[in-house]
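Undergrad: predicted structure and sequence below. I'll ask about it afterward.
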2 protein chains.
Amino acid sequence: LSVPGCVREVFAVPSAARAHPDIRAAADQPDRRVHWHVVDDAALASLAETVRPQGLLAVCRFLDVGYDEVLATKPRLLAVCAEVRDPGNAGTVIRCADAAGADGVVLAGSSVDPYNGKAVRASAGSLFHLPISLTADAAETVRRARDAGLVVLAADGAGETDLDEAADAGLLDGPTAWLFGNEARGLPDDLAGAADHQVRIPIHGRAESLNLATAAAVCLYASARAHRDRPAQPRA
Amino acid sequence: LSVPGCVREVFAVPSAARAHPDIRAAADQPDRRVHWHVVDDAALASLAETVRPQGLLAVCRFLDVGYDEVLATKPRLLAVCAEVRDPGNAGTVIRCADAAGADGVVLAGSSVDPYNGKAVRASAGSLFHLPISLTADAAETVRRARDAGLVVLAADGAGETDLDEAADAGLLDGPTAWLFGNEARGLPDDLAGAADHQVRIPIHGRAESLNLATAAAVCLYASARAHRDRPAQPRA
């Protein structure tokens, strides 16, 4: 209920309704117009897509906003996912972006639907916390981010710039859009090449790579740290 | 085949055998004594636990080593998972630990079996790259790590030390064991309290937390960076 007007209906089993009087009270506020339905376990199980539903299910409106709107906020940190296909990955990237203080997440190209049940659950509420935008053309998304003054960094295992060196060189200090590719194939060369820099996470052991969500966490937290340090350590 | 003597048998469909002559050649080396079986798709599907097997399946011996052996290598970076239950998480932590250059992963207490098929697949080969140790008692595991001269850092969302501040203060510079808890409940207070420091990843947005694997990635990479920087930037 943190996004005003987002929740339209709630379906709850009696025990869950009793366990969460605060949610019931919030839904009952006259300006919210939330329809509250008490249902039995079988009905809830047929509505929920998961094996063990938590007894409470909300029907929400779509939340995504236009890419224009996201860029108009002068974002300092964006996560752009191109052709991300696994809903768990998309949701986890949204959760990491939220945790790292990002100002938005863009799902570009033929990326997975962020309203997929697995994506919603993996986001652990973060879907409601920061602007999500869906764009059709990943190359155009990159171009417009650069036009808006963001430095676009492509996370690319074959990138010529090491993440630590990028941080040391101040490449992370300004407004940044991280570009992440498909979990199996990574970023196509032309899209990675459209970014300002191709940045690789250093691999110190023998792993070939990190998976998408953990790579995104490491990159976004490197940016969060650079942005946090920046007021205290201005560039020479 | 990167761990000598590890692979005992290989089951391959004809197309996979043809596509990977290098694997066949390695298996055929007389000192390896690998039994190679050509099977059809139906037989392979019944052996593999996954929906879309890759056509090639190896039977390997167990790989875990004693905790004594791990500590005897004077590790600089360890990941200790206590009561981690999800096999995908365990495998992903092993992959991240490998990528970050850790010297071992310990699965302590009632953690998931690292030989679970999902854990093996999530590790993306890293199960074969660094020592894995299974210990029964997480508190004893922490005590022995400290006795061996490792600084034990508990990753704890309620920790009093911020990860960035820990890095700035030099807390990550020495030999370090990161302690990660259960994905749902985190670390029990007594176990977190047994660590030298309780470290929280700063949450800059509105997410309540990161998931286990992404939190482990951020912590282990913070250590990797501190260890990498250390020769160049000795403490005052």
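TA: Right, received. Where do you want to start?

Undergrad: host element of the most centrally placed residue in chain A?
TA: Centrality entry for chain A: nearest residue to the mean C-alpha point is residue A:94, 2.0 Å, by C-alpha atoms, centre = their mean. Taking DSSP states H and E as the criterion, residue A:94 maps to helix A:87-99.

Undergrad: next helix or strand past that helix?
TA: Next along the chain after helix A:87-99, taking DSSP H and E as the criterion, comes strand A:104-108.

Undergrad: for that following strand, what is the distance to the chain centroid?
TA: In terms of C-alpha atoms, centre = their mean, to the nearest Å, the centre of strand A:104-108 is found 7 Å from the chain centre.

Undergrad: what does stretch A:77-90 give?
TA: 7 Å.

Undergrad: list the buried residues of it.
TA: For stretch A:77-90, a neighbour-count test (16 or more other C-beta atoms under 10 Å in any protein chain shown) marks A:77-84, A:86-90 as buried. Bear in mind the C-beta positions are built from the backbone N, C-alpha and C, glycine included.

Undergrad: with pLDDT and distance to chain B added, can I get the residues you listed in JSON lines?
TA: As requested, the buried residues of stretch A:77-90 are exported to JSON lines (pLDDT from 0 to 100; distance: C-beta to the nearest C-beta, whole Å):
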{"residue": "A:77", "pLDDT": "98", "distance to chain B": "9"}
{"residue": "A:78", "pLDDT": "98", "distance to chain B": "13"}
{"residue": "A:79", "pLDDT": "98", "distance to chain B": "12"}
{"residue": "A:80", "pLDDT": "98", "distance to chain B": "17"}
{"residue": "A:81", "pLDDT": "97", "distance to chain B": "15"}
{"residue": "A:82", "pLDDT": "97", "distance to chain B": "20"}
{"residue": "A:83", "pLDDT": "93", "distance to chain B": "19"}
{"residue": "A:84", "pLDDT": "94", "distance to chain B": "15"}
{"residue": "A:86", "pLDDT": "94", "distance to chain B": "12"}
{"residue": "A:87", "pLDDT": "95", "distance to chain B": "14"}
{"residue": "A:88", "pLDDT": "94", "distance to chain B": "9"}
{"residue": "A:89", "pLDDT": "94", "distance to chain B": "11"}
{"residue": "A:90", "pLDDT": "96", "distance to chain B": "13"}
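
Undergrad: re the thing from before, quick one: the residue nearest to the centre of chain A from residue B:81, how far?
TA: Computed as C-beta to C-beta, to the nearest Å, the residue A:94 to residue B:81 distance reads 25 Å.

Undergrad: what do you get for residue A:16?
TA: Distance, residue A:16 to residue B:81, by C-beta to C-beta: 31 Å.

Undergrad: what's the spacing between residue A:100 and residue B:117?
TA: 32 Å.

Undergrad: these two: who's more crowded?
TA: residue A:100 (29 against 13; other C-beta atoms under 10 Å in any protein chain shown).

Undergrad: I'd assumed residue A:78 was in contact with the more buried one.
TA: No: when contacts are counted by C-beta atoms under 8 Å, residue A:100 is not listed as touching residue A:78 (11.0 Å).

Undergrad: what's the residue nearest to the centre of chain A in contact with, if anything?
TA: Neighbouring residues of residue A:94 by C-beta atoms under 8 Å, 6 or more residues apart in numbering or on different chains: A:79, A:105, A:114, A:119, A:122-123, A:126-127, A:130, A:132.

Undergrad: where along chain A do the strands fall?
TA: A:7-12, A:35-38, A:56-60, A:77-82, A:104-108, A:132-135, A:151-155, A:161-162, A:176-180, A:197-200 (DSSP state E).

Undergrad: tell me which parts of chain A are close to chain B?
TA: For chain A, the residues in contact with chain B (C-beta under 8 Å from any C-beta of the partner chain) are A:92, A:95-102, A:122, A:124-126, A:129-130, A:164, A:201-211, A:213-218, A:221, A:224-225, A:228-229.

Undergrad: just the buried ones from those residues?
TA: In the residues of chain A next to chain B, the ones that pass as buried (16+ other C-beta under 10 Å) are A:92, A:95-102, A:122, A:124, A:126, A:129-130, A:164, A:201-205, A:207, A:209-211, A:213-218, A:221, A:224-225.

Undergrad: what residues are up against residue A:58?
TA: Contacts of residue A:58 by C-beta under 8 Å, 6+ apart are A:7-11.

Undergrad: just the buried members of those residues?
TA: Those of these that meet the buried threshold are A:7, A:10-11, by 16+ other C-beta under 10 Å.

Undergrad: rebuild the residues you listed as CSV, extending it with pLDDT.
TA: Listed next are these as CSV, based on pLDDT from 0 to 100:
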residue, pLDDT
A:7, 90
A:10, 93
A:11, 93
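
Undergrad: narrow the buried ones among the residues of chain A next to chain B to those in helices?
TA: In helices, defined here by DSSP state H, the members of those are A:92, A:95-99, A:122, A:164, A:213-218, A:221, A:224-225.

Undergrad: now residue A:228: closest residue in space that isn't a chain neighbour?
TA: Of all residues not flanking residue A:228 in the chain, residue B:164 sits nearest, at 6.5 Å (C-beta to C-beta, 6 or more residues apart in numbering or on different chains).

Undergrad: list the contacts for that neighbour?
TA: Counted by C-beta under 8 Å, 6+ apart, residue B:164 has contacts A:225, A:228-229, B:202.

Undergrad: 7 Å - rerun?
TA: Contacts for residue B:164 (C-beta atoms under 7 Å, 6 or more residues apart in numbering or on different chains) come out as A:225, A:228, B:202.

Undergrad: same question for residue A:179.
TA: Residue A:179 touches A:80, A:82, A:142, A:152-155, A:187, A:195, counting by C-beta under 7 Å, 6+ apart.

Undergrad: done for today, thanks.
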